[in-house]
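*Asks:* Give the three-dimensional model of this entry:
(chains A and B)
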There are 2 protein chains.
Amino acid sequence: MKELEERIQEDGIVIDNEILKVDSFINHQIDTRLLNDVCTYLVAPFHGVDKVLTIETSGIAFALGAAQKLGNIPLVFAKKSKSKIVDADHVYTAMVKSFTRGIVSPIYVDKRFIKSGEKILIVDDFLAEGNAILGLIEICRQAGAQVIGAAVAIEKSFQGGHAKIEPLGIPVVSAADIRGFENGKVLFRN
Amino acid sequence: MKELEERIQEDGIVIDNEILKVDSFINHQIDTRLLNDVCTYLVAPFHGVDKVLTIETSGIAFALGAAQKLGNIPLVFAKKSKSKIVDADHVYTAMVKSFTRGIVSPIYVDKRFIKSGEKILIVDDFLAEGNAILGLIEICRQAGAQVIGAAVAIEKSFQGGHAKIEPLGIPVVSAADIRGFENGKVLFRN
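*Replies:* Next comes the predicted model:
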């Protein structure tokens, strides 16, 4: 998607030819207009979606945008910690390694919110190694729900996430597909 | 706002006459249609807003909805932890006590994203003791930005947050104002 790729070239900051910092428009400050356009692009291939599923924190805004564009369907976000108002016995859980933080932590979804047979679209801001999305797929598997796709604003396909998810029969859609970094510049696949 | 109050009566769960669990439609699963309506209601009194400010996690969806209704203005969310891609020397910070978790933790906003003179609308899902919003107000004060209001989906005004914020000259708007709980039932102010 040209609009997002141009914005990444303009305002994205590449650190150590590995991490792309897009906190001025994606995941600390959010450009609401750009987000709306990205979400329109991301949901276009998907039909008959019952729910959008994401993981806190920075996936939530894109998941809401996607849920709105899909006809204001419900949105569920997996939690990274159990507060005292989440019942430990009634959650699906999976272990997820954070790409930016490097630690492995559990994520939780209350069993009431993902049900057997539901068609789920997973949405996130980033796809790198794929750990977060694989964790969400695992939670849907436990629930007996069907993941009909994974839609992300930005994927760094060279970091392997895409290649782990598509063989599961789950199509991956991204609004910007990064194939690498070179001298602090972002290289897109197309 | 009648629609939200009715939904709270129907699907909210009161725990120990103190905590209201609304995770089936507000802060774990989100009813996107209801959120859109709540956000339309919340932003109606405010004009000339430059940015919406919230705090991760569950404020993000309402903040995005509000930013959309205000003409797709930018949205900033304060972070609860510094990842390795947040620069420690370039953030505003405040200490916030979590009502549901009971612990005091720092929140951060990158200095690039709140600027002197900007008119900020603070948005959150809940207002209880007011700690999160007071932290966000403190961050705006450090930045020299003007907080023109605090808009929350649900406030429990009997827990004191409202009474701490309005004396600062900051109007508080909520879509549902809870004055107490009685035998597991929610009592609204109006």
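
*Asks:* Okay, and the beta partners of the spatially most central residue of chain A?
*Replies:* Nearest to the mean C-alpha position of chain A, by Cα atoms, centre = their mean, lies A:D124 at 1.6 Å. In this entry, A:D124 is beta-bridged to A:V152, by DSSP bridges.

*Asks:* is it true that A:I139 touches A:M95?
*Replies:* No - at 10.9 Å, A:I139 does not count as touching A:M95 under the criterion of Cβ atoms under 8 Å. Where C-beta positions appear, they are placed from N, C-alpha and C, glycine not excepted.

*Asks:* Mind checking which of the two has more residues around it?
*Replies:* A:I139 (27 against 12; other Cβ atoms under 10 Å in any protein chain shown).

*Asks:* Can you tell me the closest non-neighbouring residue to the more buried one?
*Replies:* Among residues not flanking A:I139 along the chain, A:Y92 sits closest, at 4.5 Å (Cβ to Cβ, 6 or more residues apart in numbering or on different chains).

*Asks:* can I assume that neighbour sits in a helix?
*Replies:* No - looking at A:Y92 with DSSP: H, G, I helix; E, B strand; the rest coil, it is strand, so not inside a helix.

*Asks:* Identify the residues contacting the helix or strand of chain A with the lowest mean pLDDT?
*Replies:* In chain A, the helix or strand scored least confidently by mean pLDDT, DSSP states H and E is strand A:19-21, which has a mean of 90. For strand A:19-21, the surrounding residues in contact (Cβ atoms under 8 Å, 6 or more residues apart in numbering or on different chains) are A:8, A:12-15, A:100, A:154, A:156, A:178, A:181, A:186, B:84-85.

*Asks:* switch the cut-off to 6 Å
*Replies:* Strand A:19-21 is contacted from outside by A:12-15, B:85, using Cβ atoms under 6 Å, 6 or more residues apart in numbering or on different chains.

*Asks:* for the host helix or strand of A:L34, packing partners?
*Replies:* Assessed by DSSP states H and E, A:L34 sits inside helix A:32-43. Under the contact criterion of 3 or more Cβ pairs under 6 Å, 6 or more residues apart in numbering or on different chains; DSSP states H and E, helix A:32-43 touches helix A:59-69, strand A:172-182.

*Asks:* ok so, going back, for the contacts of strand A:19-21, which single residue is the most surrounded?
*Replies:* Result: A:G12 is most packed of these (other Cβ under 10 Å), 22 neighbours.

*Asks:* List the contacts of it.
*Replies:* A:20, A:22.

*Asks:* Show me what from chain A comes close to chain B.
*Replies:* A:19, A:21, A:28-30, A:32-33, A:56-57, A:60-61, A:64, A:67-68, A:72, A:74-76, A:83, A:85, A:100-101, A:110, A:113 (Cβ under 6 Å from any Cβ of the partner chain).

*Asks:* Secondary structure, pLDDT and distance to B:P167 for the contacts of strand A:19-21 - can I get that in CSV?
*Replies:* Output for the contacts of strand A:19-21, formatted as CSV (DSSP: H, G, I helix; E, B strand; the rest coil; pLDDT from 0 to 100; distance: Cβ to Cβ, whole Å):
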residue, secondary structure, pLDDT, distance to B:P167
A:G12, coil, 97, 42
A:I13, strand, 95, 41
A:V14, strand, 94, 46
A:I15, strand, 91, 43
B:I85, coil, 51, 38
